[in-house]
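[1] Any chance you could fold what I've pasted below:
(one chain, ligands or ions: 1)
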Amino acid sequence: MSDHPMYALSEEHQAIREAVRAICDAKVAPFAAEVDEEARYPREAAEALRSADFHAPHVPEAYGGAGADALATVLVIEEIARADVSASLIPAVNKLGSLPLMIGGSEDLKKKYLGRLAAGEGFSYCLSEPDAGSDAANQKTRAVRDGDAWILNGTKRWISNAGESEFYTVLATTDPDARSKGISAFVVEKSDAGVSFGAPEKKLGIKGSPTREVYFDNVRIPGDRIIGEEGKGFEYAMQTLDHTRVTIAAQAVGVAQGALDYALGYAQERQQFGKAIADFQGLQFLLADMGMKVEAARQLTYAAAGRSERGDADLTFFGAAAKCFASDVAMEVTTNAVQVLGGYGYTRDYPVERMMRDAKITQIYEGTNQVQRIVMARQLLAGVQSTL
Ligand SMILES: Cc1cc2nc3c(=O)[nH]c(=O)nc-3n(C[C@H](O)[C@H](O)[C@H](O)COP(=O)(O)OP(=O)(O)OC[C@H]3O[C@@H](n4cnc5c(N)ncnc54)[C@H](O)[C@@H]3O)c2cc1C
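    Reported below is the predicted structural model:
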């Protein structure tokens, strides 16, 4: 028999959860309402996460990072999202932005940028465009070779943490006739001449994470900033999403747990008809369903994280399934948490309405849940079997 705990978190993973939770209790949760109300970047959280090496935990130790595995990274993101989804985008976006580089980049390029990411400079991911949403291969941003350099022109839309991040993985077409096979990936720096940003979008939720357009106006970058091979960018971008959809699932589990925790406490305090509302079976059944679904979403997410770490063949299915299921659960559970609080839940005096608004994005980004279902169906019909 192995001494590894059977189907349970290891002591190391549990310790990571406790460490992140302590930081979130002290430095993330107390500012979450203010960050949302003022739609400002969660500076306190960013600073605390950076000091504890939780801002980009996935960066390997060889590049100066914390070297967290996929499950540990999920635990970090889940715990932050439990306190404030906006702040959880810091480690999530840093992984999303840098994973194409980790997957396809040269050793020199990885050394150049991953160390700076580990030291605290952010990394965003620029795939979406005005006409390239679900149809992500419909890239209009163009990269043209000019001697030893590349020149980029185009507009990216909906870029998370744009302006805050120093580095950007930018997908651009190098051969417009070849569609997805003509797309390449590049590292662009915020300080490169010709890079600029649109006004922050006015959003329903995750108001602490700036979402902006990014413009490239004749941005000239050195030839060695291409990630891996020309024409392989779309492949790196899609492989990245297989892994990072698991981190969106983690955000969803976290916010759902945060809402459930609050609803449980409230239901035991609030009195109606001379007793706590938690004594009414009608409400108990609601709470039971919430707890059951959060736990099912968590188990699927952790199972997907294992596949991400090992690079299993069924990761594509599991990443999509975890993201889709957990985000649908997050929407349902946060909405029901508002219901548990009645009229109070509908106000900003209580955190559950923020959680409900924040949960919605997990059904939309990194591929809408319709797209996740397309991905899952393709995998099933191709006969991909579960590795368990
Ligand atoms: C706050 C926020 C942050 C984001 N951050 C980033 C980021 O950092 N980097 C980045 O690159 N992108 C980012 N995105 C973009 C996000 O991934 C896209 O918004 C998403 O993929 C959907 O694209 P779209 O908005 O163009 O919707 P569309 O593709 O126009 O979809 C509209 C509707 O049509 C449905 N639909 C489309 N095609 C199909 C189909 N084939 N079958 C069934 N239904 C379909 C969709 O599910 C959706 O319901 C972000 C978006 C938001 C809102």
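[2] residues contacting the residue of the chain found nearest the ligand?
    Residue nearest to the ligand within the chain (Cβ to the nearest ligand atom): G133, separated by 1.7 Å. C-beta here means a position set from N, CA and C on the backbone, and glycine is covered the same way. With Cβ atoms under 8 Å, 6 or more residues apart in numbering as the criterion, no residue contacts G133.
[3] pLDDT score for it?
    Note for G133: predicted pLDDT of 98.
[4] how close does it get to P5?
    Applying Cβ to Cβ, to the nearest Å, the value for G133 to P5 is 42 Å.
[5] do R179 as well
    47 Å.
[6] In this structure K156 contacts D131, no?
    No: the criterion here is Cβ atoms under 8 Å, and K156 misses it with D131 at 11.5 Å.
[7] Between these two, point out the one with more neighbours.
    Using other Cβ atoms under 10 Å as the criterion, K156 and D131 rank with K156 on top: 29 against 11.
[8] So the host helix or strand of the more buried one, near the ligand or not?
    Secondary structure from DSSP states H and E places K156 in strand 149-160. Yes: among the residues of strand 149-160, 158-160 lie within reach of the ligand under Cβ under 6 Å from any ligand atom.
[9] Any idea how far the host helix or strand of P91 is from the middle of the chain?
    Assigned by DSSP H and E, P91 belongs to helix 85-104. Put simply, helix 85-104 sits 7 Å off its chain's centre (Cα atoms, centre = their mean, to the nearest Å).
[10] ok so, going back, how close does the residue of the chain closest to the ligand get to T368?
    Distance of G133 to T368, given as Cβ to Cβ: 8 Å.
[11] and what of R310?
    Taken as Cβ to Cβ, the span from R310 to T368 is 27 Å.
[12] can you check N218 too?
    The gap separating N218 from T368 is 33 Å, by Cβ to Cβ.
[13] swap in G265?
    Distance from G265 to T368, counting by Cβ to Cβ: 33 Å.
[14] higher neighbour count, those two?
    Higher neighbour count among G265 and T368: T368, with 15 against 11, using other Cβ under 10 Å.
[15] Now the residue lying farthest from the centre of the chain: phi and psi?
    Taking Cα atoms, centre = their mean as the measure, the residue most remote from the mean C-alpha position of the chain is G274, 43.7 Å away. Here is the backbone geometry of G274 (degrees, to the nearest 10): phi 80, psi 10.
[16] contacting residues around H58?
    65-66, 68, 70, 73, 91, 94-95, 98-99.
[17] A helix includes it, no?
    No: assignment of H58 by DSSP: H, G, I helix; E, B strand; the rest coil gives coil, placing it outside any helix.
[18] Please identify the buried residues of the helix or strand following the helix holding P91?
    Using DSSP H and E, the helix or strand that directly follows helix 85-104 along the chain is helix 107-118. Within helix 107-118, the residues scored as buried using 16 or more other Cβ atoms under 10 Å are 109-110, 112-114, 116-118.
[19] hang on, the earlier thing: what's the strand holding K156 packed up against?
    Packing contacts for strand 149-160, counted by 3 or more Cβ pairs under 8 Å, 6 or more residues apart in numbering; DSSP states H and E, involve helix 85-104, strand 123-126, strand 142-146, strand 167-173, strand 183-189, strand 211-222.
[20] Put together JSON lines for these, with distance to the ligand, mean pLDDT and mean neighbour count on each row.
    Listed next are those as JSON lines, based on distance: least, Cβ to the nearest ligand atom, whole Å; pLDDT from 0 to 100; neighbours: other Cβ atoms under 10 Å:
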{"stretch": "helix 85-104", "distance to the ligand": "6", "mean pLDDT": "98", "mean neighbour count": "26"}
{"stretch": "strand 123-126", "distance to the ligand": "5", "mean pLDDT": "98", "mean neighbour count": "27"}
{"stretch": "strand 142-146", "distance to the ligand": "16", "mean pLDDT": "98", "mean neighbour count": "16"}
{"stretch": "strand 167-173", "distance to the ligand": "8", "mean pLDDT": "98", "mean neighbour count": "26"}
{"stretch": "strand 183-189", "distance to the ligand": "12", "mean pLDDT": "98", "mean neighbour count": "24"}
{"stretch": "strand 211-222", "distance to the ligand": "4", "mean pLDDT": "98", "mean neighbour count": "18"}
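[21] Let's have those in JSON lines, adding distance to M331.
    Listed next are those as JSON lines, based on distance: least, Cβ to Cβ, whole Å:
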{"stretch": "helix 85-104", "distance to M331": "12"}
{"stretch": "strand 123-126", "distance to M331": "23"}
{"stretch": "strand 142-146", "distance to M331": "37"}
{"stretch": "strand 167-173", "distance to M331": "29"}
{"stretch": "strand 183-189", "distance to M331": "32"}
{"stretch": "strand 211-222", "distance to M331": "19"}
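[22] For Y350, which of the ones you listed is the nearest?
    helix 85-104 (15.9 Å; Cβ to Cβ).
[23] Run the angle between the closest one and strand 149-160 for me.
    150 degrees (axes from the mean of the first three to the mean of the last three Cα atoms, to 10 degrees).
[24] thinking again about what came up before, for the residues of strand 149-160 next to the ligand, which one is nearest V329?
    Closest to V329, out of all of the residues of strand 149-160 next to the ligand and judged by Cβ to Cβ, is S160, at 22.0 Å.
[25] Contact partners for the closest one?
    89, 93, 96, 124-125, 209-211, 365.
[26] redo that, cut-off 6 Å
    Residues in contact with S160 (Cβ atoms under 6 Å, 6 or more residues apart in numbering) are 89, 93, 209, 211.
[27] The protein against the ligand: which residues are in contact?
    124-128, 133-134, 158-160, 203, 206, 211, 361, 364-368, 370-371.
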